[in-house]
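Undergrad: Just need the structure, nothing else, for what follows:
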Amino acid sequence: MTSAAPQPTGPYSQAISAGGLVFVAGQRPQDPVTAQIAEGVAAQTRQVLQNVRSVLEAAGCTLADVVKVTVHLADLCDFDKFNAVYREFFQEPYPARTTVGSSLRGILVEIDVIAIAPAAREPGGRPAACSYL
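TA: Next comes the predicted model:
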């Protein structure tokens, strides 16, 4: 667990490692220091991805290790604004991704990810047995 991301608000872990993967729980757009929620979908997306990155770093991973992203948007009309910020954090080849409309109780975006654990990487950092289609 890291203090560089919001602490869980229920009975779950920020992340767990199993089977060569790191599963990061859904991150919300809360600043871990001030507990403030960012305003607007762009700022919320940026904060959520910063939180995701912090949890990954605590597990020895980077955003480059992410192979699957699930995005929950309160309003799917925000898809383009979300993508503009998402591109600041991820480069090609992009992870597989699913985006769904969700009722998020006062926030606009939540993201969970699956990453390759450090022990499952080949020399040089590339995820072992991973091909981009």
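
Undergrad: Okay, buried residues for stretch 70-86 please.
TA: Taking 16 or more other C-beta atoms under 10 Å as the neighbour-count basis, stretch 70-86 is seen to contain the buried residues 70-74, 78, 81-82, 85-86. The way it works is simple: take the backbone N, C-alpha and C, and place the C-beta from them, glycine included.

Undergrad: Repeat that for stretch 83-98.
TA: When burial is assessed from 16+ other C-beta under 10 Å, stretch 83-98 yields the following buried residues: 85-86, 89, 95.

Undergrad: Span of stretch 25-39 from start to end?
TA: When the termini of stretch 25-39 are compared using C-alpha to C-alpha, to the nearest Å, they are 22 Å apart.

Undergrad: Could you do stretch 31-43 as well?
TA: Rule used - C-alpha to C-alpha; the end-to-end distance of stretch 31-43 is 11 Å.

Undergrad: what about the residue nearest the centre of the chain, distance to C77?
TA: The structure's the chain has its C-alpha centroid closest to V52; by C-alpha atoms, centre = their mean the separation is 4.0 Å. V52 sits at a distance of 23 Å from C77 (criterion: C-beta to C-beta, to the nearest Å).

Undergrad: Let me see the ranges of the strands in this structure.
TA: In the chain, the segments counted as strands under DSSP state E are 15-18, 21-27, 66-73, 96-101, 109-116.

Undergrad: Of these, which is nearest G40?
TA: Distances from G40 to each of those were compared using C-beta to C-beta; the minimum, 10.1 Å, belongs to strand 109-116.

Undergrad: So which of the buried residues of stretch 83-98 is the closest to T62?
TA: Proximity of the buried residues of stretch 83-98 to T62, judged by C-beta to C-beta, is greatest for F89, which lies at 10.5 Å.

Undergrad: Now do the contacts for the closest one.
TA: Shown in contact with F89 (C-beta atoms under 8 Å, 6 or more residues apart in numbering): 49, 53, 63.

Undergrad: Now do the same for the closest residue to the second one other than its chain neighbours: its pLDDT.
TA: The reference is to R53. For R53, ignoring the flanking residues on the chain, the nearest one in space by C-beta to C-beta, 6 or more residues apart in numbering is L63 at 5.7 Å. According to the predicted model, the pLDDT of L63 comes to 96.
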